[in-house]
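S.K.: Structure, please.
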Amino acid sequence: MFSSHHPTPDPVGPGQESVWDYPRPPSAEVSPRRVVVEIGGRVVARTQRAIRVCETSHPPVFYVPRGDVVEGVLERGQGASWCEFKGTATYWDAVVDGVRTPAVGWSYERPTPGYEHLAGAVAFYPSKVERALVDGEVVLSQQGDFYGGWITAEVVGPFKGGPGSRGW
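M.R.: Take a look at the predicted model:
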(Lines give C-alpha, C1' and ligand atoms only; values in the text may rest on other atoms or scores of the structure.)
Protein backbone atom coordinates (compact mmCIF):
# COMPACT_ATOMS: atom_id res chain seq x y z
CA MET A 1 0.00 0.00 0.00
CA PHE A 2 1.34 3.42 -0.96
CA SER A 3 0.75 6.59 1.00
CA SER A 4 -0.47 9.66 -0.84
CA HIS A 5 1.21 11.84 1.77
CA HIS A 6 4.78 12.92 1.31
CA PRO A 7 7.30 12.61 4.11
CA THR A 8 8.52 15.48 6.24
CA PRO A 9 11.05 17.49 4.21
CA ASP A 10 14.66 17.36 5.42
CA PRO A 11 16.01 20.57 7.02
CA VAL A 12 17.43 23.09 4.54
CA GLY A 13 20.86 24.50 5.31
CA PRO A 14 22.63 27.58 3.95
CA GLY A 15 22.90 27.45 0.16
CA GLN A 16 20.51 24.51 -0.08
CA GLU A 17 17.02 24.07 -1.51
CA SER A 18 14.35 21.48 -0.79
CA VAL A 19 12.89 19.39 -3.60
CA TRP A 20 9.58 19.80 -1.76
CA ASP A 21 9.62 23.49 -2.74
CA TYR A 22 9.90 22.64 -6.45
CA PRO A 23 6.79 23.17 -8.58
CA ARG A 24 4.40 20.73 -10.18
CA PRO A 25 4.13 20.93 -13.17
CA PRO A 26 7.94 21.14 -13.28
CA SER A 27 9.96 24.23 -14.09
CA ALA A 28 12.49 24.08 -16.96
CA GLU A 29 15.03 26.91 -16.99
CA VAL A 30 18.30 27.37 -18.84
CA SER A 31 21.22 27.26 -16.40
CA PRO A 32 24.73 28.71 -16.78
CA ARG A 33 26.15 25.97 -14.51
CA ARG A 34 29.02 23.86 -15.88
CA VAL A 35 27.56 20.42 -16.64
CA VAL A 36 29.89 17.60 -17.70
CA VAL A 37 29.13 13.95 -18.46
CA GLU A 38 31.86 11.29 -18.71
CA ILE A 39 31.58 7.76 -20.10
CA GLY A 40 34.46 5.36 -20.62
CA GLY A 41 37.00 7.86 -19.36
CA ARG A 42 35.96 10.46 -21.93
CA VAL A 43 33.95 13.66 -21.73
CA VAL A 44 30.89 13.01 -23.90
CA ALA A 45 28.92 16.15 -23.01
CA ARG A 46 29.92 19.58 -21.73
CA THR A 47 27.71 22.65 -21.53
CA GLN A 48 26.98 25.89 -19.72
CA ARG A 49 23.49 26.10 -21.22
CA ALA A 50 21.80 23.01 -19.81
CA ILE A 51 18.12 23.15 -19.01
CA ARG A 52 17.54 22.46 -15.30
CA VAL A 53 14.19 20.78 -14.73
CA CYS A 54 12.84 20.84 -11.17
CA GLU A 55 9.74 18.93 -10.05
CA THR A 56 8.28 18.39 -6.59
CA SER A 57 9.98 15.50 -4.72
CA HIS A 58 12.66 14.97 -7.40
CA PRO A 59 16.28 16.09 -7.56
CA PRO A 60 16.90 18.40 -10.54
CA VAL A 61 17.59 16.92 -13.96
CA PHE A 62 20.00 18.68 -16.32
CA TYR A 63 19.21 18.38 -20.04
CA VAL A 64 22.24 18.92 -22.29
CA PRO A 65 21.58 20.55 -25.68
CA ARG A 66 22.34 17.99 -28.41
CA GLY A 67 24.96 20.34 -29.90
CA ASP A 68 26.96 20.06 -26.66
CA VAL A 69 27.13 16.25 -26.81
CA VAL A 70 30.13 14.80 -28.67
CA GLU A 71 29.04 13.95 -32.18
CA GLY A 72 28.54 10.24 -32.88
CA VAL A 73 28.25 9.17 -29.22
CA LEU A 74 24.44 8.90 -29.09
CA GLU A 75 22.44 6.24 -30.92
CA ARG A 76 18.68 5.81 -30.73
CA GLY A 77 17.81 3.32 -28.00
CA GLN A 78 14.88 1.00 -27.39
CA GLY A 79 11.50 2.02 -26.09
CA ALA A 80 9.73 5.21 -25.13
CA SER A 81 7.83 6.54 -22.14
CA TRP A 82 5.28 9.25 -21.45
CA CYS A 83 5.50 12.24 -19.12
CA GLU A 84 2.18 13.89 -18.34
CA PHE A 85 3.89 17.30 -18.57
CA LYS A 86 6.61 17.01 -21.23
CA GLY A 87 5.24 14.37 -23.61
CA THR A 88 6.85 11.30 -25.19
CA ALA A 89 10.44 10.51 -24.20
CA THR A 90 12.94 9.01 -26.65
CA TYR A 91 15.75 6.88 -25.18
CA TRP A 92 19.41 7.05 -26.20
CA ASP A 93 22.32 4.62 -25.98
CA ALA A 94 25.89 5.89 -25.79
CA VAL A 95 28.68 4.25 -27.79
CA VAL A 96 32.19 5.18 -26.62
CA ASP A 97 35.23 3.38 -28.06
CA GLY A 98 32.98 0.58 -29.29
CA VAL A 99 31.31 0.02 -25.90
CA ARG A 100 27.54 0.52 -25.81
CA THR A 101 25.80 1.83 -22.70
CA PRO A 102 22.08 1.17 -23.21
CA ALA A 103 19.45 3.76 -22.26
CA VAL A 104 22.02 6.21 -20.94
CA GLY A 105 19.63 9.12 -21.36
CA TRP A 106 16.40 10.42 -22.78
CA SER A 107 15.05 13.40 -24.68
CA TYR A 108 11.78 14.95 -25.75
CA GLU A 109 12.04 15.36 -29.49
CA ARG A 110 8.60 17.03 -29.73
CA PRO A 111 7.79 18.25 -26.22
CA THR A 112 4.39 19.55 -25.22
CA PRO A 113 3.59 23.29 -25.15
CA GLY A 114 5.50 25.12 -22.45
CA TYR A 115 8.52 22.80 -22.75
CA GLU A 116 9.49 23.49 -26.38
CA HIS A 117 13.01 24.58 -25.34
CA LEU A 118 13.70 20.97 -24.21
CA ALA A 119 13.40 19.72 -27.81
CA GLY A 120 16.31 17.41 -28.57
CA ALA A 121 18.24 18.11 -25.35
CA VAL A 122 19.43 14.92 -23.62
CA ALA A 123 19.08 14.12 -19.93
CA PHE A 124 21.70 11.57 -18.85
CA TYR A 125 21.02 9.13 -16.01
CA PRO A 126 23.81 9.69 -13.44
CA SER A 127 23.53 5.99 -12.52
CA LYS A 128 24.43 4.93 -16.08
CA VAL A 129 27.40 7.20 -16.76
CA GLU A 130 30.89 7.06 -15.30
CA ARG A 131 30.56 10.55 -13.83
CA ALA A 132 28.18 13.48 -14.08
CA LEU A 133 29.32 16.81 -12.64
CA VAL A 134 27.72 20.16 -11.88
CA ASP A 135 30.24 22.96 -11.37
CA GLY A 136 32.88 20.31 -10.66
CA GLU A 137 30.83 18.44 -8.03
CA VAL A 138 30.28 14.74 -8.73
CA VAL A 139 26.55 14.03 -8.88
CA LEU A 140 24.86 11.20 -6.98
CA SER A 141 22.02 9.35 -8.68
CA GLN A 142 18.41 9.28 -7.58
CA GLN A 143 17.23 5.89 -6.29
CA GLY A 144 15.08 3.71 -8.51
CA ASP A 145 15.50 2.69 -12.11
CA PHE A 146 13.05 5.15 -13.66
CA TYR A 147 14.05 8.60 -12.43
CA GLY A 148 17.22 10.39 -13.46
CA GLY A 149 17.65 13.09 -10.83
CA TRP A 150 21.03 14.70 -10.20
CA ILE A 151 21.73 14.91 -6.47
CA THR A 152 24.26 17.52 -5.35
CA ALA A 153 24.99 19.01 -1.94
CA GLU A 154 22.65 21.92 -2.67
CA VAL A 155 19.47 19.82 -2.76
CA VAL A 156 17.76 18.07 0.14
CA GLY A 157 14.95 15.52 0.13
CA PRO A 158 13.82 13.04 0.89
CA PHE A 159 13.76 12.17 -2.80
CA LYS A 160 11.15 10.14 -4.66
CA GLY A 161 12.42 6.90 -6.19
CA GLY A 162 13.36 4.78 -3.20
CA PRO A 163 11.28 1.99 -1.68
CA GLY A 164 7.88 3.19 -0.45
CA SER A 165 7.97 6.51 -2.34
CA ARG A 166 5.75 5.61 -5.27
CA GLY A 167 2.69 7.41 -3.90
CA TRP A 168 4.47 10.69 -3.13
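S.K.: Give me the sheet partners of the helix or strand encompassing residue 90 and which way each runs.
M.R.: Take DSSP states H and E as the rule and residue 90 turns out to sit in strand 87-96. In the sheet, strand 87-96 lines up against strand 74-83 (antiparallel), strand 99-107 (antiparallel) (DSSP bridges).
S.K.: Deepest-packed of these, please.
M.R.: Neighbour counts (mean count of other C-beta atoms under 10 Å) averaged over each of those peak at strand 99-107, with a mean of 19. Using the backbone N, CA and C atoms, a C-beta is placed for each residue, glycine as well.
S.K.: What are the contacting residues of that one?
M.R.: For strand 99-107, contacts defined as C-beta atoms under 8 Å, 6 or more residues apart in numbering pick out 39-40, 63, 66, 74-75, 77-79, 81, 89-95, 118, 120-125, 128-129, 148.
S.K.: Under the pLDDT cut-off, which ranges of this structure? List them.
M.R.: Applying pLDDT under 70 to the chain flags the ranges 1-4.
S.K.: Nearest the geometric middle of the chain, what residue?
M.R.: Centroid-nearest residue in the chain, with C-alpha atoms, centre = their mean: residue 61, separated by 2.9 Å.
S.K.: That one reaches residue 35, doesn't it?
M.R.: No. The criterion here is C-beta atoms under 8 Å, and residue 61 misses it with residue 35 at 10.7 Å.
S.K.: thinking again about what came up before, so among the contacts of strand 99-107, which ones count as buried?
M.R.: 39, 63, 66, 74, 77, 89-95, 118, 120-125, 128-129, 148 (16 or more other C-beta atoms under 10 Å).
S.K.: any idea whether residue 7 is helix, strand or coil?
M.R.: Using DSSP: H, G, I helix; E, B strand; the rest coil, the structure places residue 7 in coil.
S.K.: residues contacting it?
M.R.: Applying C-beta under 8 Å, 6+ apart to residue 7 gives the contacts 158, 168.
S.K.: Repeat the analysis, applying 7 Å as the threshold.
M.R.: By C-beta atoms under 7 Å, 6 or more residues apart in numbering, the contact set of residue 7 is residue 158.
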